[in-house]
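Undergrad: Got a sequence here, can you model it:
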Amino acid sequence: MDDPAKQVPPAYIPAPDPAPAPAYQGGYVPPQGGYMPPQGGYVPSQGGYMPPQTGYAPAPQQYPGAPQQQSSTNVVVVQQQPTTAVNTTYVHHTSGDHYFTLSIVLSFICFFCGSWWALLCTIPAIFFSLNAKAAEERGDVAATQSNTNISLGLNIAGIVSYAVCWVIIVIAVVIDVVVVGDV
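TA: The predicted model follows:
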């Protein structure tokens, strides 16, 4: 009898009936006695499982020879069709500058400050900017991107040549002052 699987579980011993409550005297009376199991659930007993009482009458049984009762259940199934969402996207491209303003400003700076060889880069940059604008109006994306990139490259070359020009001028002045000594 040492094996727990072979041991018989002890029988349920219900709690003793609680003592009757004293007469109501106007105050709160706490419940007397021990734990009271909930009503309507599983109540262990000597005989085994008892199904909970639901309060409904048992289902009627059909006897042989009794008239057949027909019951019909109408079921209406309503299924809503999925709605189709139509997304319409309007793309409005604003005409870009394509570095046209940068080309014009650099051209004026190079012209008035004496670095005229930088104009060899900035003036073609103006034309490529205008070509990019025309390609954008036609809807040619590849030509627009190509002409815009060429315009930017020419503007950068104009800035670099302008800076190189001024570095050469400053070096020439410094050498003239140091070597010759005349200011």
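Undergrad: which residues of this structure score low on pLDDT?
TA: Low-confidence segments of the chain (pLDDT under 70): 1-72, 89-95, 181-183.
Undergrad: can you give me the helices for the chain?
TA: Assignment of helices within the chain using DSSP state H yields the ranges 100-112, 119-138, 141-175.
Undergrad: Can you say which of those helices is nearest to residue 84?
TA: With C-beta to C-beta, the closest approach to residue 84 among these belongs to helix 141-175: 30.7 Å. The C-beta positions use only the backbone N, C-alpha and C, and glycine is treated the same way.
Undergrad: ok and that closest one relative to helix 119-138, angle-wise?
TA: Here the directions of helix 141-175 and helix 119-138 differ by 160 degrees (axes from the mean of the first three to the mean of the last three C-alpha atoms, to 10 degrees).
Undergrad: Which neighbouring elements make contact with helix 141-175?
TA: Contact partners of helix 141-175 among helices and strands, from 3 or more C-beta pairs under 8 Å, 6 or more residues apart in numbering; DSSP states H and E: helix 100-112, helix 119-138.
Undergrad: For the last one, which residues meet the burial criterion?
TA: Buried residues in helix 119-138, counted by 16 or more other C-beta atoms under 10 Å: 119, 121-126, 128-129, 131-133, 135-136.
Undergrad: try stretch 106-117
TA: Those would be 106-107, 110, 115, for stretch 106-117 by 16+ other C-beta under 10 Å.
Undergrad: First-to-last residue distance for it?
TA: 12 Å (C-alpha to C-alpha, to the nearest Å).
Undergrad: can you list the residues that contact it?
TA: If you take C-beta atoms under 8 Å, 6 or more residues apart in numbering as the criterion, stretch 106-117 is touched by 118-119, 122-123, 125-126, 155, 158-159, 161-162, 165-166.
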